[in-house]
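J.: sharing a model that was predicted from the sequence below.
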2 protein chains.
Amino acid sequence: MKKVNKSRYAILGMLFDQPLSGYELRKRMLSSTTYFWNETDASVYPMLRILEEEGMVTAKTEFVGKRARKVFTITQAGKDDVTAWLALPAEQEHPRSELLLKLFFGAFVCKEITIKQLEQRLQQCQETQKTFKTIENEIAQAPDTHPQKLFWELSVRRGTIDVEATITWLNECLERLKRNNEKKIQN
Amino acid sequence: MKKVNKSRYAILGMLFDQPLSGYELRKRMLSSTTYFWNETDASVYPMLRILEEEGMVTAKTEFVGKRARKVFTITQAGKDDVTAWLALPAEQEHPRSELLLKLFFGAFVCKEITIKQLEQRLQQCQETQKTFKTIENEIAQAPDTHPQKLFWELSVRRGTIDVEATITWLNECLERLKRNNEKKIQN
DNA sequence: GTCGACATGTAAATAGTTACATGATTCT
DNA sequence: AGAATCATGTAACTATTTACATGTCGAC
């Protein structure tokens, strides 16, 4: 079974309720969906061109002085395309986790190494937690009538819950590792 | 900055304490690390060959009747290679989540569609939860002296905690969506 | 005048997946 | 006899990332 290219839907979704340039689109993703979806320059610009050729978006070049920006507007065909995809059941993903793999092989190195890995991640998580709080506050400022507000809230909520669970787990790991006195496997 | 190929370390790690054939190696991954790490045939066999050429593993063909299996044993260089990698700080990952993206765009479709997505995921999570319980029981049977036992426990624990947090979040989402009566954005 | 943000793209490489291809052995 | 599992691999494709390349505009 062929995999569908999901970048197209991420882009069409961002354009659904407002026309954007490639640059703006990336900036928005960076400030809203980064934690669960991201595109790079090298994926956004070529995909916008493809979508234009397919008639999913229309392009219009605007000028601010000499600086040109190509603003993309979604078409009805484009809207139909995303909404059809939104109804398709989301694939269950098992993304690779480098940290888990390293922990899984923890018996092959001295435990200080693994402890350090976990402590570093703990710190990162605490940072992320702050970020999510900031984002939550920003969303709270949007008027309750904004049709997307609820969905933004639920999306960040996922991040908050996830990071909390991760912190719980990390602390449990650290406690058990520090308690444990086993030697590492000979190498 | 060039990204390192992590498949090699996953494979070297699996070979660390016992020689395995490519087939066995994949089977082990499938039954132990699937939820956070997986390799396919098309990545395992070529990588084993590369590792052999690099002197990280040695190969020996064994026969069971006419059926040949190539068993790979890790070398000292191979062990040094993995252990060095294990000490490198694990990259923070923001894996793409199709479900999150679909939820984020939830305002563009009628809410029944999003509710269905979440309910499907809830069911999958409940299945996964059972699987983790089974795995936990299996690990519990290993002798406490087994040097890897603690790390196996901590790894599944991550899965358990994660799936519980996800279920909490999904229920919260479903409750709020069902309560909410907003109309979707015109399309 | 130079730094950072605005703005758009291409080229090359790498990683990862799917489909293909083959054949042996064991179990029912 | 046929299915499932054992066993190893390649070819083709698709996706994704990194690095490159270029130029504008506003603020300090």
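T.: Cool, the structure landed. Residues are numbered from 1 along each chain as shown, chains lettered A, B, ... in the order given.
J.: mind checking the end-to-end distance for stretch A:78-94?
T.: Terminal residues of stretch A:78-94 are spaced 29 Å apart (Cα to Cα, to the nearest Å).
J.: and the residue positioned nearest the centre of chain A, helix, strand or coil?
T.: Compute the mean C-alpha point of chain A, and by Cα atoms, centre = their mean the closest residue is A:Phe36, 1.9 Å away. Using DSSP: H, G, I helix; E, B strand; the rest coil, the structure places A:Phe36 in coil.
J.: now it. Its backbone dihedrals?
T.: A:Phe36 adopts backbone torsions of phi -140, psi 0, taken as degrees, to the nearest 10.
J.: smallest gap between chain A and DNA strand C, at which residue?
T.: A:Tyr23 (3.0 Å; Cβ to the nearest atom of the strand). C-beta: built from backbone N, CA, C; applies to glycine.
J.: what strand or helix carries that residue?
T.: Under the criterion of DSSP states H and E, A:Tyr23 resides in helix A:22-32.
J.: state the mean pLDDT of that helix.
T.: Mean pLDDT, helix A:22-32: 96.
J.: just the C-alphas of it, formatted as CSV.
T.: The C-alpha trace of helix A:22-32 is given here as CSV (Å, rounded to 0.1, in the frame of the first residue of the first chain):
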residue,chain,number,x,y,z
GLY,A,22,5.2,30.0,1.9
TYR,A,23,7.3,32.0,4.4
GLU,A,24,4.3,32.9,6.5
LEU,A,25,3.0,29.4,6.4
ARG,A,26,6.3,28.0,7.8
LYS,A,27,6.3,30.6,10.5
ARG,A,28,2.8,29.7,11.6
MET,A,29,3.7,26.1,11.7
LEU,A,30,6.7,26.9,13.7
SER,A,31,4.7,28.7,16.3
SER,A,32,1.7,26.5,16.4
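J.: quick one: it to chain centroid distance?
T.: For helix A:22-32, the distance from its own C-alpha centre to the chain's C-alpha centre is 12 Å (Cα atoms, centre = their mean, to the nearest Å).
J.: other SSEs contacting that helix?
T.: Contact here means 3 or more Cβ pairs under 8 Å, 6 or more residues apart in numbering or on different chains; DSSP states H and E; on that basis helix A:22-32 packs against helix A:7-15, helix A:41-53, strand A:67-74.
J.: return the most buried member of those.
T.: helix A:7-15 (a mean of 24; mean count of other Cβ atoms under 10 Å in any protein chain shown).
J.: which SS state does the closest residue in space to A:Gln124 that isn't next to it in sequence fall under?
T.: Excluding the flanking residues, the one nearest A:Gln124 by Cβ to Cβ, 6 or more residues apart in numbering or on different chains is B:Gln92, at 5.5 Å. Three-state assignment for B:Gln92 (three-state DSSP): coil.
J.: verify the stated contact: B:Gln92 with A:Gln123.
T.: No. Contact between B:Gln92 and A:Gln123 fails when scored by Cβ atoms under 8 Å: they sit 10.6 Å apart.
J.: can you pull the pLDDT of the residue nearest to A:Gln124?
T.: 91.
J.: what's the neighbour count on it?
T.: Around B:Gln92 there are 13 other residues, counting by other Cβ atoms under 10 Å in any protein chain shown.
J.: which residues touch the residue of chain A closest to DNA strand C?
T.: A:Tyr23 sits next to A:Arg69 when contact means Cβ atoms under 8 Å, 6 or more residues apart in numbering or on different chains.
J.: for A:Ser7, same thing?
T.: Contacts of A:Ser7 (Cβ under 8 Å, 6+ apart): A:39, A:43-44, A:47.
J.: pretty sure A:Ala59 belongs to a strand, no?
T.: Yes. Using three-state DSSP, the assignment for A:Ala59 is a strand.
J.: of the contacts of A:Ser7, which is the nearest to DNA strand D?
T.: A:Ser43 (4.4 Å).
J.: next one, pLDDT for that closest one please.
T.: Predicted confidence (pLDDT) for A:Ser43: 97.
J.: name the nearest residue to it, sequence neighbours excluded.
T.: A:Ser7 (5.4 Å).
J.: circling back: next, the buried residues of the helix holding A:Tyr23.
T.: Neighbour-count burial for helix A:22-32 flags A:22, A:25-26, A:29, A:32 (criterion: 16 or more other Cβ atoms under 10 Å in any protein chain shown).
J.: span of stretch A:6-25 from start to end?
T.: 15 Å.
J.: buried residues in the host helix or strand of A:Thr83?
T.: In this structure, A:Thr83 sits in helix A:76-87 according to DSSP H and E. Using 16+ other Cβ under 10 Å as the test for burial, helix A:76-87 gives A:78-79, A:81-83, A:85-86.
J.: what packs against that helix?
T.: Using 3+ Cβ pairs under 8 Å, 6+ apart: helix A:76-87 touches helix A:7-15, helix B:111-140.
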